[in-house]
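Q: Output the structure for:
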Amino acid sequence: MEYVAARENSFYSNKEALITPEFVRQEIESGRAIIPCNIKHPELEPMIIGKKFLTKVNANIGNSPVKSNIEEELDKLLWAVRWGADTVMDLSTGKNIYETREAIIRNSPVPIGTVPIYEALEKVNGKAENLNYDIFRDVIISQAEQGVDYFTIHAGLKLSFIPTTTNRLTGIVSRGGSIIAKWCLAHHKENFLYENFDDLCDIMKRYDVSFSLGDGLRPGSIADANDEAQFLELKTLGELTLKARSQGVQVMIEGPGHVPLNKIKENVKLEEEYCEEAPFYTLGPLVTDIAPGYDHITSAIGAANIGSFGTSLLCYVTPKEHLGLPNKEDVKDGLVAYKIAHMHLIFLRVIILLSRETMNYQKRDLNLGG
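A: Numbers count the residues shown, from 1 in each chain. The predicted structure follows:
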């Protein structure tokens with residue numbers, strides 16, 4: 001806790017610490033913040049994600065069946081950390097998933113997240129209907145043993161929610177969400193991640209892995225933003241948040257996606273209401289759909305906006321979003337855009353913190369108490 005508090009305070013010039021170890025403990029206990037830190041990842045330098053702390057930035061990297069290799073992904077990791085990534089997600093698919101992830105974790109001082117359903121799908125040769133919970137369970141145990149710090153788990157996408165996406169312009173765009181939806185429809189059964197959530201909590205607690213509850217029904221265009229499907233899933237994520245917390249597992253909530261500026265605030269408001277103020281982790285959001293090739297800019301606009309309302313972790317978007325696979329320079333461009341948004345948020349956070357400190361001093365000097 002002391003290390004985490006010291007890291008937060010290092011960004012401020014005040015001689016007096018603004019963040020104390022006790023404050024860190026209180027926020028963790030309340031569920032308003034998490035420290036993703038698998039006991040099997042000793043290379044990690046602990047950091048905190050929460051509304052009352054500095055907004056953090058995540059970078060996505062990962063192998064694919066048609067491009068990249070372990071050395072290239074390791075280079076992207078080091079490049080991402082150098083350019084300011086606070087966390088990194090390994091979204092590898094295709095061959096050498098295990099080996100790529102092992103190299104990334106062993107060389108990463110920042111928390112590493114994954115989407116385990118991707119590797120589970122590889123184990124059934126890409127046929128979603130052949131998945132089952134036992135296969136998925138084996139994958140997350142293997143990844144937890146390696147040292148993954150947080151898992152994106154699409155447990156909130158229920159069978160009954162799928163029909164609500166039929167009138168969408170862009171349907172289900174989340175890869176993890178589409179895998180789960182296909183399985184549910186093929187078997188006419190409830191999502192096996194939702195059904196086995198208690199067992200998932202047991203595994204996560206064993207390794208101190210954090211949940212990043214995935215938004216499988218996030219909007220893929222601004223036309224679909226804030227619709228029934230999105231918020232039905234968000235309510236379910238709130239239920240799962242309480243269940244995970246009751247079992248001693250840390251949770252953050254993933255959010256959209258594609259959202260116009262006038263609808264961003266509602267996302268934060270409802271996430272805090274439904275999910276008991278669990279840290280919010282958003283992909284952008286992109287505020288327009290008309291700028292492929294420049295989505296690191298359109299999403300940074302949304303990121304600065306949603307961050308100002310209290311979002312805790314911002315997932316970067318690169319210029320290759322919607323177009324292809326990012327290379328090393330794309331990683332840099334995405335992070336630069338997001339660090340600009342990030343610095344804007346730090347500026348706002350410093351103003352808020354210092355104004356509170358000033359008010360406290362004034363109360364003390366005037367002997368007003370409180």
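Q: got the contact list for the closest residue to K95 other than its chain neighbours?
A: Beyond its immediate neighbours in the sequence, the residue positioned closest to K95 (CB to CB, 6 or more residues apart in numbering) is P65, lying 6.9 Å away. Every residue, glycine included, has its C-beta placed from N, CA and C. Contacts of P65 were listed using CB atoms under 8 Å, 6 or more residues apart in numbering, and they are 93-95.
Q: Is the residue nearest the centre of the chain in a helix, a strand, or coil?
A: By CA atoms, centre = their mean, the chain has its centre lying nearest to Y281, at 4.2 Å. For Y281, the secondary-structure state derived from DSSP: H, G, I helix; E, B strand; the rest coil is strand.
Q: Show me where the stretch 51-200 of the chain dips below the pLDDT cut-off.
A: Within the stretch 51-200 of the chain, the stretches with pLDDT under 70 are 68.
Q: Let me see the ranges of the helices in it.
A: Counting by DSSP state H, counting those that start in this stretch, the stretch 51-200 of the chain has helices at residues 70-82, 97-106, 116-122, 133-146, 175-187, 192-195, 197-207.
Q: Deepest-packed of those, please.
A: helix 116-122 (a mean of 22; mean count of other CB atoms under 10 Å).
Q: Kindly state the pLDDT recorded for F347?
A: Predicted confidence (pLDDT) for F347: 64.
Q: If you could redo that for M1, that was the one I meant.
A: With respect to pLDDT, M1 has a value of 88.
Q: And it, how far from L240?
A: Remark: distance between M1 and L240 (CB to CB, to the nearest Å) = 26 Å.
Q: for the stretch 251-370 of the chain, what spans make up the strands?
A: Chain-ordered strands for the stretch 251-370 of the chain, with DSSP state E, counting those that start in this stretch as the definition, fall at 251-255, 280-283, 313-315.
Q: Show me what the second one pairs with in its sheet, parallel or antiparallel.
A: When you say that, I think you mean strand 280-283. For strand 280-283, the paired strands and their directions (DSSP bridges) are strand 251-255 (parallel), strand 313-315 (parallel).
Q: starting at the chain centroid, how far to it?
A: Here strand 280-283 shows a centroid-to-chain-centroid distance of 5 Å under the convention CA atoms, centre = their mean, to the nearest Å.
Q: got the contact list for it?
A: Outside strand 280-283, the residues that reach it (CB under 8 Å, 6+ apart) are 49, 51, 58, 212, 218, 252-257, 267-268, 271-272, 299, 303, 306, 310-315, 317.
Q: circling back: mean pLDDT added to the strands paired with strand 280-283, as TSV?
A: Listed next are the strands paired with strand 280-283 as TSV, based on pLDDT from 0 to 100:
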stretch	mean pLDDT
strand 251-255	99
strand 313-315	97
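Q: Can you redo these as JSON lines, where the extra columns are mean neighbour count?
A: Conversion of those to JSON lines gives the following (neighbours: other CB atoms under 10 Å):
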{"stretch": "strand 251-255", "mean neighbour count": "27"}
{"stretch": "strand 313-315", "mean neighbour count": "26"}
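Q: out of those strands, which comes closest to K123?
A: K123 lies closest to strand 251-255 among the strands paired with strand 280-283, at 23.5 Å (CB to CB).
Q: that older thread, quick one, which of the helices of the stretch 51-200 of the chain gets closest to N38.
A: When these are compared for distance to N38 using CB to CB, the nearest one is helix 197-207, at 5.3 Å.
Q: Kindly export the helix or strand following that closest one (C-alpha atoms) in PDB.
A: Sequence order places strand 210-213 as the next helix or strand after helix 197-207, per DSSP states H and E. Listed next in PDB are the C-alpha coordinates belonging to strand 210-213 (Å, rounded to 0.1, in the frame of the first residue of the first chain):
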ATOM      1  CA  SER A 210      -8.800  -9.300 -10.900                       C
ATOM      2  CA  PHE A 211     -12.000  -9.400 -13.000                       C
ATOM      3  CA  SER A 212     -12.300  -7.000 -15.900                       C
ATOM      4  CA  LEU A 213     -16.000  -7.800 -16.500                       C
END
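Q: Contacts made by strand 210-213 with the rest, please.
A: Around strand 210-213, the neighbours that count as contacts under CB under 8 Å, 6+ apart are 34, 36, 113, 149-153, 155-156, 200, 204, 237, 240-241, 244, 249-254, 281.
Q: can we see that at 7 Å?
A: Strand 210-213 is contacted by residues 34, 36, 113, 149-153, 155-156, 204, 237, 240-241, 244, 249-254, 281 when judged by CB atoms under 7 Å, 6 or more residues apart in numbering.
Q: Are any of these buried, and if so which?
A: Listed as buried from the contacts of strand 210-213 are 34, 36, 113, 149-153, 155-156, 204, 237, 240-241, 244, 249-254, 281; burial here means 16 or more other CB atoms under 10 Å.
Q: and the closest residue to A33 other than its chain neighbours, what are its phi and psi?
A: Counting by CB to CB, 6+ apart, the nearest residue to A33 once its immediate chain neighbours are dropped is G50, at 2.6 Å. According to degrees, to the nearest 10, the main-chain angles of G50 amount to phi -180, psi 160.
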